[in-house]
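> dropping a prediction and its sequence here:
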Amino acid sequence: MSSNHYPFYEPAELLDQACLDLQELARHCSTSQQWVIEHVRTGVISYDNAGGSNEIGAEQWRFSSQTLVRARRIAQLEHSFDADPQLAALTTDLIEEVQQLRRKLQALQR
C-alpha cells in the first residue's frame, strides 16, 4: 500500500540537530504547549538536548526534526482516530519500523 494514502506519512527533511523549542514544536504539530509537556512527561515523545540534564525545565527543551515528525504523527492519530496517546505512540513506532524495514529491503534489492 502506498504511503500517500495516509496524512500522517508526510515527507520531511530530517536534520540531526535539536533545533525546535517547546513553542515551535507545539505550533508545528498544531497542538498546545501543554500537549507537548504531557507527552514528554509520559514518555510518548522526548526532547533531544545533547548531554542535557533530566532536570532541565520545559522552556529549555530542544526537539529534533525526527521528534517533530514523530510528534506530528502522534497528534494526527490522536485527532483523526481519537486514539489514546500510548496507542498513538505504539502505532507510530510500528509505522517507523515498517519504513525502516522497507528502506533496508530496497537497499538489499539494489
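It's in. Numbers count the residues shown, from 1 in each chain.
> okay, now the unreliable bits of the chain?
Within the chain, the stretches falling below the threshold (pLDDT under 70) are 1-18, 50-55.
> if you set the cut-off to 90 instead, what comes out?
Within the chain, the ranges that satisfy pLDDT under 90 run 1-18, 48-56, 59.
> mind listing the strands for it?
Assigned strands in the chain, in chain order: 18-20, 63-64 (criterion: DSSP state E).
> to residue 81, which of these lies closest?
Taking Cβ to Cβ, strand 63-64 is the member of the strands of the chain nearest to residue 81, at 23.6 Å. In short, each C-beta sits where N, CA and C put it, glycine included.
> which strands or helices does that closest one pack on?
If you count contacts as 3 or more Cβ pairs under 8 Å, 6 or more residues apart in numbering; DSSP states H and E, strand 63-64 packs onto strand 18-20, helix 22-28.
> so can I have TSV of these showing mean neighbour count and distance to residue 58?
Formatted as TSV, those follow (neighbours: other Cβ atoms under 10 Å; distance: least, Cβ to Cβ, whole Å):
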stretch	mean neighbour count	distance to residue 58
strand 18-20	18	13
helix 22-28	17	5
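> in CSV, list the ones you listed along with distance to residue 36.
Shown next, in CSV, are the helices and strands packed on strand 63-64 (distance: least, Cβ to Cβ, whole Å):
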stretch, distance to residue 36
strand 18-20, 10
helix 22-28, 5
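> out of these, nearest to residue 104?
Comparing these by their distance to residue 104 (Cβ to Cβ), the top pick is strand 18-20, with 26.1 Å.
> residue contacts, the residue nearest the centre of the chain?
Most central residue of the chain, judged by C-alpha distance to the mean C-alpha position with Cα atoms, centre = their mean, is residue 70 at 1.5 Å. If a contact means Cβ atoms under 8 Å, 6 or more residues apart in numbering, then residue 70 has 45, 92, 96 as its contacts.
> between the helices and strands packed on strand 63-64, which one is nearest to residue 81?
Using Cβ to Cβ and comparing the helices and strands packed on strand 63-64, the one that lies nearest residue 81 is helix 22-28, at 20.4 Å.
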